[in-house]
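**Q** predicted model and sequence below, questions to follow.
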Amino acid sequence: MKPIRIPYAKGVVEKDFSPHNVVAVLESKAHHFKPTLSQQEIVKKALDSPIASKSLEDQVKGKSNMVIITSDHTRPVPSSITLPILLRRIRRINPTIDIKILIATGYHRGTTKEEMLEKFGKEIVEKETVINHISKDDDSLGYVGVLPSGGDLWLNKVALETELLIAEGFIEPHFFAGFSGGRKSVLPGVAGAKTVLANHCSEFIASDYARTGIIEKNPIHKDMVFAAEKAGLSFILNVVIDSEKNIIEAFAGHSEKAHEKGCEFVLALSSIEETPKSDIVITSNGGYPLDQNIYQAVKGMTAAEPCCNPEGIIIMVAACNDGHGGEDFYRSMAEASSPREVLDSVMKIPRGETKPDQWEYQILARILDRFTVIMVTDQCDPQMIRDMHMEHAYTLDEALEKALAIKGSNAEMTIIPDGVSVIIK
């Protein structure tokens, strides 16, 4: 079989696998989708044909100010392409409108100046008003109401106090919200910490409907849609990208209906219906920027769950150059005697008392309670990985040697080159 390329940091790990071991290579069709238009043309076409909505140009007419919510440094939204197009179209109709760009950091740290320059480009960073959302800054938040789940809805005042609120983002499978994009720009994007915690409670994370590719009956999605409506999110531009982070399709218009059309497109490309079970599953987080830390890498691990035999081994290829990604996330795993202890304790936490990063370590513990995880990275402290009840390998070859020593030289393998791009049923 031909060498398989697995994204890692800003490059790839390429390896020849023995065909007698590999039973399946699971990939999203998005990675082989060949659009007939350029990336810019795809975006412009979507904006020219908004779904269930007035055009962006019609919406900015007569407005004195507006806010564009955009994704943070952990999301591969090609903002250096999309934002200039949005800004040009807006100012062509309304040259004097005051525009603020609000970075939807959610519960993450703020995006640094260097990260902004890399993501948005020098011209936007230096000429536009760019604001980091800070979920724990209570003074920057406004109270909106009560979520369907019962949690209080707090949102960034910059988003609440504008005349027009729009958002850009991208749509991919998401391991508990079903899909990214759309309403996620608001919750968790620009929501207060207490709101994020309420929405990400252990009860919801444990729901069979809070899974990759599912939004119907998903309690987390329901809260998010409500928050976007309350915020007055009136227009979105969401793109779909391939493995090279290039735009292959775009959807614009109504915050819910345009997002649903985008989800249908992604579902058709990403779904894998017939899934073989293997003793060893190799996966990744799609490389940079999604594999910067262990916190984010949990997403790619979830793709391996449906196709890994009980007590099997998941080999996770992720740089994690930014470390664990959350102090509470790390300590909750490291200070527990076992993943089972983490699971048992987290399920006793009431909906209104969710702890920081609880959702992430709940899912990681769920995986580690059933499988062995070997993290492949040469950019992260191995002891940190071991502290969190995983094993470490510097290279994929080293990880495979360890896995085959446990499962036998004839162990069957499934390879998922990009774990965040597939929906495995």
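**A** Ah, there it is.

**Q** surely I134 and S140 touch.
**A** Yes. Contact criterion Cβ atoms under 8 Å: I134 and S140 qualify, at 6.1 Å. Quick note: C-beta positions are derived from backbone N, CA and C, even for glycine.

**Q** where does pLDDT dip in the stretch 201-350 of the chain?
**A** For the stretch 201-350 of the chain, applying pLDDT under 70 flags no range at all.

**Q** quick one: the strands in the stretch 251-400 of the chain?
**A** Using DSSP state E, counting those that start in this stretch, the strands found in the stretch 251-400 of the chain span residues 271-272, 278-284, 308-317, 372-376, 391-393.

**Q** tilt between the fourth one and strand 278-284?
**A** By that I understand strand 372-376. Interaxial angle, strand 372-376 versus strand 278-284 (axes from the mean of the first three to the mean of the last three Cα atoms, to 10 degrees): 30 degrees.

**Q** go on, the longest one?
**A** Orientation check (the same axes, to 10 degrees): strand 308-317 against strand 278-284 gives 30 degrees.

**Q** which residues sit against strand 308-317?
**A** 6-8, 13, 277-285, 291, 297, 300-301, 304, 367, 370-377, 390, 393, 396, 399-400, 403, 406-407, 414 (Cβ atoms under 8 Å, 6 or more residues apart in numbering).

**Q** narrow these to just the buried residues.
**A** 6-8, 13, 278-285, 291, 297, 300-301, 304, 367, 371-377, 390, 393, 396, 399-400, 403, 407, 414 (16 or more other Cβ atoms under 10 Å).

**Q** next, A411: secondary structure please.
**A** Recorded secondary structure, A411: coil (DSSP: H, G, I helix; E, B strand; the rest coil).

**Q** now it: closest residue in space that isn't a chain neighbour?
**A** D279 (4.5 Å; Cβ to Cβ, 6 or more residues apart in numbering).

**Q** quick one, helices of the stretch 251-400 of the chain?
**A** For the stretch 251-400 of the chain, the helices defined by DSSP state H, counting those that start in this stretch cover 257-270, 294-304, 327-334, 339-346, 358-368, 382-387, 396-407.

**Q** redo those as a markdown table? Include distance to V77.
**A** Below are the helices of the stretch 251-400 of the chain laid out as a markdown table (distance: least, Cβ to Cβ, whole Å):
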| stretch | distance to V77 |
| --- | --- |
| helix 257-270 | 13 |
| helix 294-304 | 15 |
| helix 327-334 | 23 |
| helix 339-346 | 31 |
| helix 358-368 | 21 |
| helix 382-387 | 28 |
| helix 396-407 | 28 |
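
**Q** hey, which of those helices is tucked in deepest?
**A** helix 294-304 (a mean of 26; mean count of other Cβ atoms under 10 Å).

**Q** what's the angle from that helix to helix 327-334?
**A** Between the axis of helix 294-304 and that of helix 327-334 there is an angle of 60 degrees, by the same axes, to 10 degrees.

**Q** can I get helix 294-304 in CSV, CA atoms only?
**A** Taking Å, rounded to 0.1, in the frame of the first residue of the first chain, the C-alpha atoms of helix 294-304 are listed here in CSV:
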residue,chain,number,x,y,z
ILE,A,294,-3.6,17.7,24.8
TYR,A,295,-6.9,19.5,25.6
GLN,A,296,-7.6,19.9,21.8
ALA,A,297,-6.2,16.4,21.0
VAL,A,298,-9.1,14.7,22.9
LYS,A,299,-11.2,15.5,19.8
GLY,A,300,-9.2,13.3,17.5
MET,A,301,-9.2,10.5,20.1
THR,A,302,-13.0,10.4,20.0
ALA,A,303,-12.9,9.4,16.3
ALA,A,304,-11.0,6.2,17.4
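
**Q** residue contacts, I406?
**A** By Cβ under 8 Å, 6+ apart, I406 lies in contact with 313, 372.

**Q** quickly note the distance from it to D369.
**A** Distance, I406 to D369, by Cβ to Cβ, to the nearest Å: 17 Å.

**Q** could you do I220 as well?
**A** 21 Å.

**Q** the more surrounded of the two?
**A** Counting neighbours by other Cβ atoms under 10 Å for I220 and for D369 shows that I220 has the greater number, 25 against 15.

**Q** which helix or which strand is home to that one?
**A** For I220, the host element (DSSP states H and E) is helix 219-231.

**Q** who touches that helix?
**A** 144-145, 147-149, 151, 153, 155, 159-160, 165, 176-178, 182-188, 190-191, 195, 198-200, 203-205, 207, 209-210, 215, 255-256.

**Q** from those residues, which land in helices?
**A** 159-160, 195, 198-199, 203-205 (DSSP state H).

**Q** save those residues as JSON lines, and put in neighbour count and distance to V422 too.
**A** Listed next are these as JSON lines, based on neighbours: other Cβ atoms under 10 Å; distance: Cβ to Cβ, whole Å:
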{"residue": "A159", "neighbour count": "26", "distance to V422": "32"}
{"residue": "L160", "neighbour count": "18", "distance to V422": "36"}
{"residue": "T195", "neighbour count": "26", "distance to V422": "30"}
{"residue": "A198", "neighbour count": "25", "distance to V422": "30"}
{"residue": "N199", "neighbour count": "29", "distance to V422": "25"}
{"residue": "E203", "neighbour count": "14", "distance to V422": "27"}
{"residue": "F204", "neighbour count": "22", "distance to V422": "23"}
{"residue": "I205", "neighbour count": "23", "distance to V422": "20"}
